[in-house]
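Q: just coords:
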């Protein structure tokens, strides 16, 4: 069974990977359910992901309250995470990011769709949540549980949900799967931007979308990819 | 109250950040009002921003004359800064840059418009100033106060003004806000270039443009972003 | 004559070059026929190319069985290599990669065609193999010899074959030629993506495609290019 | 007056700058007239530009013969340089490169035109030379003086000439001007590729093209830009 220390180490590496791959910049975050208590989750205090260390991790209830005597500043948008954990018992880790490549798919009518085996993990349907629909004019930030729950509802059982003019949220069964799915969601967005001007695109079939996730988050592929991205993030450029 | 030394340190960091993020290359500059004298401003001598140190900072009157016994070469285009400070008492820091991503919006009829929460800071209206309109054939450089004032007038109360075939000027209430606005103006330009081929773009609403600046230059977001970009600029690649 | 040690050194350098030029990321591989036994080939165990060292190289029969007492995990997709070696006695080295630039040409009807002298090496015809045609719904991975042979048949006597929604395979007469062809296939894909929006493209003529390969894989050009890419891959950024 | 040693140092720095800015990769070269003998020119032996040192520089007659007892391998395409020096007494330095951004303008009917002050240096007219017009099917390399002279004739009095499916040649009055013009020709190509999809582009006027070169190769701008690019090329990333 995963210990708390292993989980903390993994979440720090995941923060670094997301920073190194430009999935996050000054903003964005990744969380994980507490390994001993599924009603709590762990996430860094409010700072940029590539600066996060084990000592920065805080503990939260799903409704966002800080656990313990911890007066550090949390991320204002932590309700994205809590609301998804609340609705989706199958989810163990959540990423929120502003990856530049995916923004265009949230502000236009073009759906994000997988076109490559290692991006099949993003699934058949990537819904777009527009905060304006139910909350009117806002700063676009998700700052309370009502907004978080509305986002989680739009996400449904998908692995990726886009947030109009803001970014996306990604839900997966492990820290590694969440981080790699975030990286390859960005890859698919870039590929779709490049491919669409060339003509009609052949996307993955429904059957391929069932079968391809193993090529990224299956046991063999995931360890190889994790080793690659972790080395690159932590050792710097080769 | 901010001391002169703190201001000088901050302006050097801002120069490095703009260089690291490719907002400036060999050309471009950032200035700040003198903290003890709002009729003077501080800016580096004529050299590329990523090479600027505290010892390179010179002091100018708003009309561009060098203050003190300083025979170093100033930037020829310092009048962009002086003219904006002169017209806009609310402005404490000005950036001029040639960011490649924003050039296309100055030479075509496509307006630059915010489409993401952290770029709402660029405002409802980004005017385009064409030096040819009032000055005919030139080298496109702003080399005197007449040209600077004409630019400042076109800018009006906006935060960003594009300069046709040249670059842009950015005005903000602090060095940090000016530098971050310059970085995210570039981000918005890249996103717009990517999104437009996908179909009609949903830009931020007027109300969102009122509410989103806090997500970049509000007290919490700004410190986090500044920490991120400063570390990246000064420590090199992670 | 090339010794085994020289071959092993060269295949490690080739792995690093492909990683440094972003032709491969966590996935992708390069193989070489055994210099003393053309019915065997050499390729790394299952790990990301930029992490490969001489000790990681394993030996295989063309049909994919591991030679010797070696219980390390091989690449699941090694049959791409074996099947091409089996069909093409002229081929000494094979690359499989997921280069992002080439993916769009596998999922649309736009053929990849050489438009520059150093990319003439990709040849007159770059076929596209779609695993769905003969194998229906799959994970898109080539996991057995039937699939590998179907791919090799589609490749025919070409140097490059695209794999729909997956990547490509490249076959050449030496490790250096295979690696450089992989790099410049990616260059051509990028150039074509850029050039097509500007209007009708003048591609290389049939005669030019005969004559230009010497500009990349001719004896003089190849050594210069190899020195460049090897130094860049092994010494890091200049 | 410039000494031979100063010239050799400058040509080495220019080689490094062109490599650092990705104007050249494994291929491409820069030459300079011999400071004491305008009928000779200096250029590296055949190796990739970022590896060039002072000891690699060879001396040639304008017609391409090696001067002195030097049996090292010269660039096959040195006739590009000799033919331009022969036709253009005003030219002191020549660059040949395969910059990816400019290739699309050589293979389509879209002319490369300056749209920004610092790129005004590329001039009113950038001709495109197609080797096929007078030499039929070739490897596209310029391998003899007849081909070099045909290219120089097409160039006429321009500063930049594109070579279809191959790259470009750049001629200027100094090493620094040649290198910086090569860098900003690439910048203009990138900007034009970005701007054209946004609608009609306002290019520089004829008068602006007369006046803007001082913003890059005028005495003040050129030294600042040279300091920037040289530091970046030699010290590595900041």
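A: Everything's here; your move. Since the model is a prediction, treat every value here as computed from it, not as a measurement.

Q: nearest to chain B: which residue in chain A?
A: Nearest residue of chain A to chain B, counting by C-beta to the nearest C-beta: residue A:137, 3.1 Å away. Any C-beta I mention is one placed from the backbone N, CA and C, and that applies to glycine too.

Q: and that residue, which of the three is it?
A: coil (DSSP: H, G, I helix; E, B strand; the rest coil).

Q: shouldn't it be in contact with residue B:204?
A: No. The criterion here is C-beta atoms under 8 Å, and residue A:137 misses it with residue B:204 at 9.6 Å.

Q: of those two, who's got more company?
A: Neighbours were counted for residue A:137 and for residue B:204 using other C-beta atoms under 10 Å in any protein chain shown; residue B:204 has more, 26 against 16.

Q: list phi and psi for the residue most central in space within chain A.
A: Centroid-nearest residue in chain A, with C-alpha atoms, centre = their mean: residue A:95, separated by 2.4 Å. Main-chain torsions, residue A:95, degrees, to the nearest 10: phi -120, psi 140.

Q: excluding sequence neighbours, find me the nearest residue to the residue of chain A closest to chain B.
A: For residue A:137, ignoring the flanking residues on the chain, the nearest one in space by C-beta to C-beta, 6 or more residues apart in numbering or on different chains is residue B:207 at 3.1 Å.

Q: tally of neighbours for the one you found?
A: 13.

Q: chain B contacts on chain A?
A: With C-beta under 8 Å from any C-beta of the partner chain as the criterion, chain A meets chain B at residues A:16, A:19-20, A:25-27, A:46-48, A:50-51, A:73, A:76, A:98, A:100-101, A:103-105, A:107-110, A:130, A:132, A:136-141, A:164-166, A:193, A:196-197, A:233, A:236-237.

Q: now the buried members of those.
A: Buried subset of the residues of chain A next to chain B (neighbour count, 16 or more other C-beta atoms under 10 Å in any protein chain shown): A:16, A:19-20, A:25-27, A:46-48, A:50-51, A:76, A:98, A:100-101, A:103-105, A:107-108, A:110, A:130, A:132, A:137-141, A:164-166, A:193, A:196, A:233.

Q: quick check: residue A:214 touching residue A:177?
A: No. In this structure, residue A:214 is not within contact of residue A:177 by C-beta under 8 Å, at 11.4 Å.

Q: the two - which one has more neighbours?
A: A side-by-side neighbour count of residue A:214 and residue A:177, using other C-beta under 10 Å, places residue A:177 first with 22 against 17.

Q: what angle separates the host helix or strand of the more buried one from helix B:175-195?
A: For residue A:177, the host element (DSSP states H and E) is helix A:175-195. In terms of direction (axes from the mean of the first three to the mean of the last three C-alpha atoms, to 10 degrees), helix A:175-195 departs from helix B:175-195 by 60 degrees.

Q: quick one, longest strand in chain A?
A: In chain A, taking DSSP state E as the definition, the longest strand is strand A:37-44.

Q: once you drop chain neighbours, what's closest to the most far-flung residue of chain A relative to its centre?
A: Of all residues in chain A, residue A:199 has its C-alpha farthest from the mean position, at 30.0 Å, by C-alpha atoms, centre = their mean. Spatial nearest neighbour of residue A:199, excluding adjacent residues (C-beta to C-beta, 6+ apart): residue C:108 at 4.4 Å.

Q: my read: residue A:102 touches residue A:164, true?
A: No. Judged on C-beta under 8 Å, residue A:102 makes no contact with residue A:164 at a distance of 11.3 Å.

Q: whatever residue of chain A ends up closest to chain C and residue C:158: what is the separation?
A: Of all residues in chain A, residue A:207 sits closest to chain C, at 3.0 Å by C-beta to the nearest C-beta. For residue A:207, the distance to residue C:158 (C-beta to C-beta, to the nearest Å) stands at 29 Å.

Q: quick revisit: what residues are up against the residue of chain A closest to chain B?
A: Residues in contact with residue A:137, defined by C-beta atoms under 8 Å, 6 or more residues apart in numbering or on different chains, are B:205, B:207, B:208, B:210, B:211.

Q: enumerate the positions of stretch A:120-131 that are buried.
A: For stretch A:120-131, the neighbour count (16+ other C-beta under 10 Å) marks A:120, A:121, A:122, A:123, A:126, A:127, A:128, A:129, A:130, A:131 as buried.

Q: I misspoke; the intended subject was stretch A:22-41.
A: Buried, per 16+ other C-beta under 10 Å, within stretch A:22-41: A:23-33, A:35, A:40-41.

Q: so does it get close to chain D?
A: No. Applying C-beta under 8 Å from any C-beta, one finds stretch A:22-41 out of contact with chain D, separated by at least 15.9 Å.
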